[in-house]
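**Student:** Generate a structure from the sequence data that follows.
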Amino acid sequence: MTLTIWLSLFTVCLLGAMSPGPSLVTVTKHSLAGGKPNGFAAAWAHAFGIGVYALISMLGLAVIFHQLPWLFLVISYAGAAYLAYLGFNALRSKGGIAAKLGAGQTVSVWQSAKEGLLISLLSPKIALFFAALFSPFVAAVSAVEGQMLMVATPFVVDGLWYTFITLMLSNSHILDKLRRHAVTIDRLSGLVLIALAVKILFSASSMAV
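**Tutor:** Residues are numbered from 1 along each chain as shown. Below is the predicted model of the structure:
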């Protein structure tokens, strides 16, 4: 893989990671609820899911979606259901960050990792990103070393980006302010997640017609 191709791949992956969405909401929520360990767990489990999609892309994700369009619909509907579930939990007092903080409860690192992984694996946005934008790079690289670098790049870029987000949120001054507004954050994150779920459902339904 030439340096020019890698830099282009790096830029595409970084822009994809920086794009706001449920991934950012998830890492923010777990950083707020459990601090750095939970934020790191959510970040790198999410990155692992990104790595899985990168690996599948090497095997022909775009071709798979073209031959099995129902598979993309399954990912879309499952992702929408999961986002709606997280959104309604955030809107309900007993399911949000504010209630856990008020009761002195903590979110386990395993729970943070599980949610980070599922958010990436069940995201049709991420699936489309790799099928549409990542696939052209696959055609340009044939050496095994280059293919390994192609899988590693989005994994590392995504993990480091959300590690940076976690470190920013873990600043004591920022964290104290966020926790004072935990109820508002719960409500906003719930609404955002439900809105994203509805958007995914509409997009998937239009593709199915």
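
**Student:** just wondering, since we're on the closest residue to residue 149 other than its chain neighbours, how far is it from residue 145?
**Tutor:** Distances taken as Cβ to Cβ, 6 or more residues apart in numbering put residue 1 closest to residue 149, at 5.8 Å, once the chain neighbours are dropped. In this view, the C-beta of every residue, glycine as well, is placed from N, C-alpha and C. With distances defined as Cβ to Cβ, to the nearest Å, the gap from residue 1 to residue 145 amounts to 8 Å.

**Student:** More neighbours: the two, which one.
**Tutor:** residue 1 (18 against 9; other Cβ atoms under 10 Å).

**Student:** Now for that one: which residues touch it?
**Tutor:** With contact set as Cβ atoms under 8 Å, 6 or more residues apart in numbering, residue 1 has these partners: 140, 141, 143, 145, 146, 149, 150.

**Student:** Tell me which helix or strand the fourth one sits in.
**Tutor:** Think residue 145. Secondary-structure assignment from DSSP states H and E places residue 145 in helix 144-169.

**Student:** now that helix: mean pLDDT?
**Tutor:** Summarised as a single mean, pLDDT over helix 144-169 is 90.

**Student:** So which bits of it are buried?
**Tutor:** Within helix 144-169, the residues scored as buried using 16 or more other Cβ atoms under 10 Å are 146-147, 149-151, 153-159, 161-163, 165-166, 169.

**Student:** center of this protein, which residue is that?
**Tutor:** With distances taken as Cα atoms, centre = their mean, residue 23 lies nearest the centre of the chain, 3.4 Å away.

**Student:** Isn't it up against residue 119?
**Tutor:** Yes - taking Cβ atoms under 8 Å as the definition, residue 23 is a contact partner of residue 119 at 5.6 Å.

**Student:** any residues in contact with both of these two?
**Tutor:** When contacts are counted by Cβ under 8 Å, 6+ apart, residue 23 and residue 119 are jointly contacted by residue 46.
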